[in-house]
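> quick one: sequence plus predicted model below, questions after.
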Amino acid sequence: QVQLVESGGGLVQAGDSLRLSCAASGRTGSRSTMGWWRQAPGKEREFVAAITWSTFSASSTTYAESVKGRFTLSIDRAANTAYLQMNSLKPEDTAIYYCTAGSASSPTNYWGQGTQVTVSS
């Protein structure tokens, strides 16, 4: 099992920045993917960003079109922590943000409890 704990959410104004953190513990050696999803009120959960890595290749990161150029996902593998740097936040970024972790074949096998991000206009 892998446990994920998110932090860093809060209330900000449009144009501000936030950095979310996701600390992983447990059987972290089984992971090769970490990511972020979000769910806005009344909407379905949607993909935000993911990072994958392996022993034999450099890490690769993918982003949803809606956040590309504004959000940056990074990982400190030694600390088992993923970070989502969110810049130029918009009101439509308001959502609960969930951290995920898993393997290449099951990238969202584990979920965190979520952290609220609210962007006021």
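Structure received. Residues are numbered from 1 along each chain as shown.

> tell me, how many residues neighbour K43?
9 (other Cβ atoms under 10 Å). From N, CA and C alone the C-beta is placed, and that goes for glycine too.

> so it lies in a helix, does it not?
No - looking at K43 with DSSP: H, G, I helix; E, B strand; the rest coil, it is coil, so not inside a helix.

> look up how far W53 lies from it.
Using Cβ to Cβ, to the nearest Å, one gets 30 Å for the distance from K43 to W53.

> would you mind giving the secondary structure of the closest residue to L11 other than its chain neighbours?
Distances taken as Cβ to Cβ, 6 or more residues apart in numbering place T118 nearest to L11, at 4.6 Å, with adjacent residues excluded. When classified by three-state DSSP, T118 comes out as strand.

> state the distance from S103 to Q113.
Look at S103 and Q113: by Cβ to Cβ, they are 21 Å apart.

> one more: P91?
Separation of P91 from Q113 (Cβ to Cβ): 24 Å.

> run a quick neighbour tally on N80.
Close neighbours of N80, defined as other Cβ under 10 Å, add up to 19.

> read off the pLDDT value for it.
We have a pLDDT of 89 for N80.

> cool, the one 5 residues further on as well?
In the predicted model, Q85 carries a pLDDT score of 98.
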